[in-house]
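1. This is a predicted model, with the sequence first.
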Amino acid sequence: MLEQMAVIRGQPTVNEPIDGQTIAACQQGDREALRLLFEAYRDRVYSIAVYAMGGDSSAAADVTQQVFVKLMTRIGQFRGSSEFTTWLHRLVVNCCLDERRKQRRFVPLAEFGLTKTSRRQISQATTYARRELAGQVQAAIADLKPKLRWPILLKYVEGLSYEEIAAVLGCSKGTVASRLNRGHKALAKRLGHLRGQFE
Amino acid sequence: MFSNHVSKQLSAYWNGELPSENTRRTAEHLIRCTRCRLAFEEIKLGAKLAQHLPLIAAPDSIWPKIETALLQQPDALPIDHPTRDARVGTPVGRASDRLPLARYLKPGLAFAAGLALLFLAGAFWLRLHRTEARPSWEVARLNGAPRINSNRIDDTGKLAVGQWLETDDTSRARIDIGKVGQVEVDPNTRVRLIATQPTEHRLELARGRMSARISAPPKLFFVNTPSAVAEDLGCAYTLEVDDAGNSLLRVTLGWVALQLKDRESLVPAGAACATRPGIGPGTPYFEDASELFRTALAKLDFEPNDTQWSKVPALDIVLHQARPRDTMTLWYLLSRVDQNDRGRVYARMVELVPPPDGVTRDGVLRLDQEMLKRWRDRIDSDSHSLPEVMRDFLGTIRSGIRRHLNQASGK
């Protein structure tokens, strides 16, 4: 499945500019507006889901679907007191956690780490130059404890600030800093042999 | 001095999330604390690895499933039905649902081919001119005809990430790195911009000579050479690379770190340091050291087995020629010579700049990091607190008194 879709792109820089009108239209049930939201966030939501689900692309597609269905059914509750992206990311984190809970119930062995198949599929779909590195980073991310993995994903896939990450995860900025510190160290320890590629 | 380590703040420092005062304090601490610098290298590596998480394109099949799921949701907000959109002519959903494509296929082919050609031409033009969209630095021509990616620049130009700036034997250029500082590129030089972002600005110097004057906090500006990486610690310096990849760093203000893998040399103002491919940075030395001292040091660093050079081993010459100021050089040799020679280096250092209380011979010979650090602090403070002539004068007096006392006590 991943061969249809896994395309390496540049890192995101800032959140897509979705204006208040689009959100208001979504709250009125406007499917065009939802489609706009979907197009603006689909890759980032899906990427987060792929990494959070340990590389399981079909689970990630399910999570992405759930996120946008929940977004449409719950957007009436969004009052604009927080950033829309914070609200959306919270939805993504919760959907991933729900899906993981379901998987734990039925397929406990699939919880951590990329499966051989998905690893192979991701590798096939990435560009050759970055394939090896990206694959190793993905596997290392999948092995991180969830509390270290989430700040890394929100920082480097979504490009959120510490304050935004703290709002999404419901913790303090200090906790985010501490977990990123530990996450960075864990990645460096696991992938220390790649140090030469960055010098 | 090292009681307030900054290891817990290093990710926030790297990500630019610390308040400016903390950023400054952290940067200053990193200059002097080896332990925190090593920790920072780990954090940087982890962060750079995480930056390689690619964005993965979501499959198109998700959207139809979302629409279906929404239609089946009893609690969903009222949502426009696809057929109603089609009836009123609102283009929603996939293109194939909206247009009877077959009807337009034949006349459309020629139009599509034309569009494709236009698109390709546009893409080619964008590829040639996309410099504007990429992060870039301003370049000013100082002399002659500097070139960016083989294109001659007028009075000014832009150097984007990935591009080369080259000067011939009559041209010079200046690169403005925003608030970070300036780099002057001398004739016959080839430099490339590798990265520019809030937490790191990096050039590659393939050959030639450049002078940098950096006013940003330390550890933001780096220059890769074929034999080491120069890391700015708040300074001004010149760096030159020859055709064989050997480089020479000369620091005029502040400090610069030269690194290759685990080998590092911190070079203070007034000092220089050579590097060699495959070996990395040599031992830093003050430029006013005697020529014999400098030549012997180069032999020691890069050709230790060249017995033809002199009948007197290079280390003997270095130790004999060393002035109090050169204790900085000897400090590096402690960990770079073998165990047998370390005692000799120690003895000469004690004559020139005695270690502070608590720093013992045994500790130094077993390379106790804390003791080495304390002695280095003493050496640095000695070499920065007095004018050079006075330092050498006092060092000579100190050595003389010690020699006199040793003789008097019969040692």
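-> Received, thanks.

2. Look up the closest residue to the single nearest residue of chain A relative to chain B, ignoring the ones flanking it.
-> Relative to chain B, the nearest point of chain A is A:His184 (2.9 Å; CB to the nearest CB). Quick note: C-beta positions are derived from backbone N, CA and C, even for glycine. Counting by CB to CB, 6 or more residues apart in numbering or on different chains, A:His184 lies nearest to B:Gly46, which is 2.9 Å off, once chain neighbours are set aside.

3. do B:Val241 as well
-> Leaving aside its chain neighbours, B:Val241 sits nearest to B:Ser247 (4.5 Å; criterion: CB to CB, 6+ apart).

4. How about B:Arg147?
-> Sequence neighbours aside, B:Glu166 is the residue nearest to B:Arg147 in space, at 5.0 Å (criterion: CB to CB, 6+ apart).

5. Confirm B:Arg209 sits in a strand?
-> Yes - assessed by DSSP: H, G, I helix; E, B strand; the rest coil, B:Arg209 belongs to a strand.

6. Check the burial of it by counting its neighbours.
-> B:Arg209: 20 surrounding residues under other CB atoms under 10 Å in any protein chain shown.

7. from what I can see it touches B:Ser247, true?
-> No - contact criterion CB atoms under 8 Å: B:Arg209 and B:Ser247 do not qualify, at 9.7 Å.

8. which residues do the two both contact?
-> B:Leu239, B:Glu240, B:Val241 (CB atoms under 8 Å, 6 or more residues apart in numbering or on different chains).

9. Can I get the buried part of those residues as one ChimeraX selection?
-> Only the buried entries of the shared contacts of B:Arg209 and B:Ser247 go into this ChimeraX selection, using 16 or more other CB atoms under 10 Å in any protein chain shown:
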select /B:239,240,241
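
10. show me where the stretch 251-400 of chain B has strands.
-> Applying DSSP state E, counting those that start in this stretch to the stretch 251-400 of chain B gives strands spanning B:263-268, B:271-276, B:280-281, B:285-286.

11. how about the helices of chain A, start to end?
-> For chain A, the helices defined by DSSP state H cover A:2-5, A:20-27, A:31-52, A:57-74, A:84-106, A:116-125, A:128-143, A:146-156, A:162-169, A:173-190.

12. can I get those helices in TSV with mean pLDDT and mean neighbour count?
-> Compiled in TSV, the helices of chain A are given as follows (pLDDT from 0 to 100; neighbours: other CB atoms under 10 Å in any protein chain shown):
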stretch	mean pLDDT	mean neighbour count
helix A:2-5	33	18
helix A:20-27	82	16
helix A:31-52	88	23
helix A:57-74	89	22
helix A:84-106	81	17
helix A:116-125	44	17
helix A:128-143	77	18
helix A:146-156	92	23
helix A:162-169	90	21
helix A:173-190	94	21
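
13. So which of those is nearest B:Arg342?
-> Closest to B:Arg342 of the helices of chain A, according to CB to CB: helix A:173-190, at 31.6 Å.

14. what angle sits between the closest one and helix A:146-156?
-> 100 degrees (axes from the mean of the first three to the mean of the last three CA atoms, to 10 degrees).

15. that older thread, which phi and psi values does the residue nearest to B:Val241 adopt?
-> Backbone geometry at B:Ser247, expressed as degrees, to the nearest 10, gives phi -130, psi 160.

16. Quickly list what it is bridged to.
-> With DSSP bridges as the criterion, B:Ser247 is bridged to B:Val241, B:Thr275.

17. Report the contact partners of it.
-> Counting by CB under 8 Å, 6+ apart, B:Ser247 makes contact with B:Leu205, B:Thr225, B:Pro226, B:Ser227, B:Ala228, B:Leu239, B:Glu240, B:Val241, B:Ala274, B:Thr275.

18. show me what contacts residue 176?
-> I went with chain A, as the question did not name one. So A:Val176 contacts A:Pro151, A:Tyr162, A:Ile165, A:Ala166, A:Leu169 (CB under 8 Å, 6+ apart).

19. my bad, chain B
-> B:Trp137, B:Glu138, B:Val139, B:Ala140, B:Gln182.

20. Determine whether the claim that it is in a strand is correct.
-> Yes - membership of B:Asp176 in a strand is supported by three-state DSSP.

21. re the thing from before, between the contacts of B:Ser247, which has the most around it?
-> Counting neighbours by other CB under 10 Å, B:Ala228 comes out on top of the contacts of B:Ser247 with 31 neighbours.

22. For B:Leu115, which three-state class applies?
-> B:Leu115 ends up helix, using three-state DSSP.

23. What ranges does chain B have for its helices?
-> Along chain B, counting by DSSP H, helices occupy B:10-14, B:20-32, B:34-50, B:62-72, B:82-88, B:95-98, B:101-129, B:291-302, B:314-321, B:327-336, B:339-352, B:361-365, B:369-385, B:388-408.

24. so the residue nearest to A:His184 touches A:Gly192, yeah?
-> No - taking contacts as CB under 8 Å, B:Gly46 lies outside contact range of A:Gly192: 9.8 Å.

25. Now render the strands of the stretch 251-400 of chain B as CSV, adding mean pLDDT.
-> Listed next are the strands of the stretch 251-400 of chain B as CSV, based on pLDDT from 0 to 100:
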stretch, mean pLDDT
strand B:263-268, 90
strand B:271-276, 95
strand B:280-281, 92
strand B:285-286, 96
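
26. Adding distance to A:Glu39 as columns, could you present the ones you listed in JSON lines?
-> Output for these, formatted as JSON lines (distance: least, CB to CB, whole Å):
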{"stretch": "strand B:263-268", "distance to A:Glu39": "49"}
{"stretch": "strand B:271-276", "distance to A:Glu39": "51"}
{"stretch": "strand B:280-281", "distance to A:Glu39": "50"}
{"stretch": "strand B:285-286", "distance to A:Glu39": "61"}
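
27. ok, B:Gly254 - contacts?
-> B:Gly254 neighbours (CB under 8 Å, 6+ apart): B:Leu233, B:Gly234, B:Cys235, B:Ala236, B:Pro268, B:Ala269.

28. can we see that at 10 Å?
-> Contact analysis of B:Gly254 by CB atoms under 10 Å, 6 or more residues apart in numbering or on different chains lists B:31, B:213-214, B:218, B:232-237, B:267-269.

29. measure it to chain A for me?
-> According to CB to the nearest CB, to the nearest Å, B:Gly254 stands 23 Å off from chain A.
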